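In: The following block contains a protein sequence and its predicted model.
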Amino acid sequence: MCLAGVGGAASEWDAAAPLLGRLGPVATTPPAAGQMVLVGHSQGGIRALRIAAREPARVDALVLTSSFFPPARAGRSLAVAALDFAGHRALYARAVIARRRRPSPTRRGAGQLRTMLPLALRPDRYHALAGAVACPVLTVHGDADHLVPVAFARAARARHPAWTLRELAGAGHHPHRDRPREWAALVCEWLDPILATADGG
């Protein structure tokens, strides 16, 4: 099941879904029953974590794609981390200006953003949720993501060493939409042995 982030739509998975199809049916709404692999983008990664923690018997694997992670210094000094984050925000602002439209979240989008605030302010809450997930976890993150810097993904991986992290060089915040073949190749390569084991193969 593929979960979009704030302001996202099911259509953003259109390019990637056929590439994942060989692994099984691809849905963007929760199936009523049966096993599933969860794929969450951005804020959708939080929703996927919560489902995996709540229904461990149904979730075979979890893929976090440019997911939300709490801000982290990742072993850097506070000054270096702050400067790096400021640079990312400046590049994000430049991209927004280039599109000639300001972000205008809907009421639903604003509500989704609010659900992430406690996890950003209290990273221990995020890591408690992540620690409650029993299935294998893959994180795919672009190293040019200026909305959620890759340093945050690396720090989360360090806190959860059983997770697998794959980085896409030059990719931004939507690798599944913008570079679907590369993204799907990483996901399928990781999922193949996990699903074979789950199926008893």
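Out: That came in fine, so what should we check first? Residues are numbered from 1 along each chain as shown.

In: Burial check on Ala162, number of neighbours?
Out: When neighbours are counted by other Cβ atoms under 10 Å, Ala162 registers 9. Placement of C-beta: from N, CA and C, glycine included.

In: Give me the pLDDT value at it.
Out: Listed pLDDT for Ala162 reads 97.

In: Can you list the residue ranges for strands in the protein?
Out: With strands called from DSSP state E, the chain shows them at 2-3, 36-41, 59-65, 137-142, 164-168.

In: I'd like the C-alpha coordinates of the third one written as CSV, please.
Out: Right, the one you point to is strand 59-65. The C-alpha coordinates for strand 59-65 follow below in CSV (Å, rounded to 0.1, in the frame of the first residue of the first chain):
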residue,chain,number,x,y,z
VAL,A,59,2.8,-5.9,7.6
ASP,A,60,5.6,-7.8,5.9
ALA,A,61,7.9,-4.9,5.3
LEU,A,62,8.0,-1.1,5.4
VAL,A,63,9.5,1.3,2.9
LEU,A,64,10.1,5.0,4.0
THR,A,65,10.5,7.2,0.9
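
In: So which elements touch it?
Out: Other elements packing on strand 59-65 under the criterion 3 or more Cβ pairs under 8 Å, 6 or more residues apart in numbering; DSSP states H and E are strand 36-41, helix 43-54, strand 137-142, helix 180-198.

In: Direction included, what does that strand pair against?
Out: strand 36-41 (parallel), strand 137-142 (parallel) (DSSP bridges).

In: what number of residues lie near Gly24?
Out: Neighbour number of Gly24 under other Cβ under 10 Å is 15.

In: With Ala144 instead?
Out: Quick note: Ala144 (other Cβ under 10 Å) scores 17 neighbours.

In: That one contacts Gly172, correct?
Out: Yes: at 5.4 Å, Ala144 counts as touching Gly172 under the criterion of Cβ atoms under 8 Å.

In: how about the strands paired with strand 59-65 in TSV, adding mean pLDDT and distance to Leu121?
Out: Shown next, in TSV, are the strands paired with strand 59-65 (pLDDT from 0 to 100; distance: least, Cβ to Cβ, whole Å):
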stretch	mean pLDDT	distance to Leu121
strand 36-41	95	21
strand 137-142	98	22
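
In: Next, format those as a markdown table and append distance to Val148.
Out: Below are the strands paired with strand 59-65 laid out as a markdown table (distance: least, Cβ to Cβ, whole Å):
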| stretch | distance to Val148 |
| --- | --- |
| strand 36-41 | 10 |
| strand 137-142 | 7 |
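
In: Mean pLDDT per helix and strand in this structure: which one sits at the bottom?
Out: helix 78-98 (a mean of 54; mean pLDDT, DSSP states H and E).

In: okay, and for the protein, where does confidence drop off?
Out: For the chain, applying pLDDT under 70 flags the ranges 73-114, 200-201.
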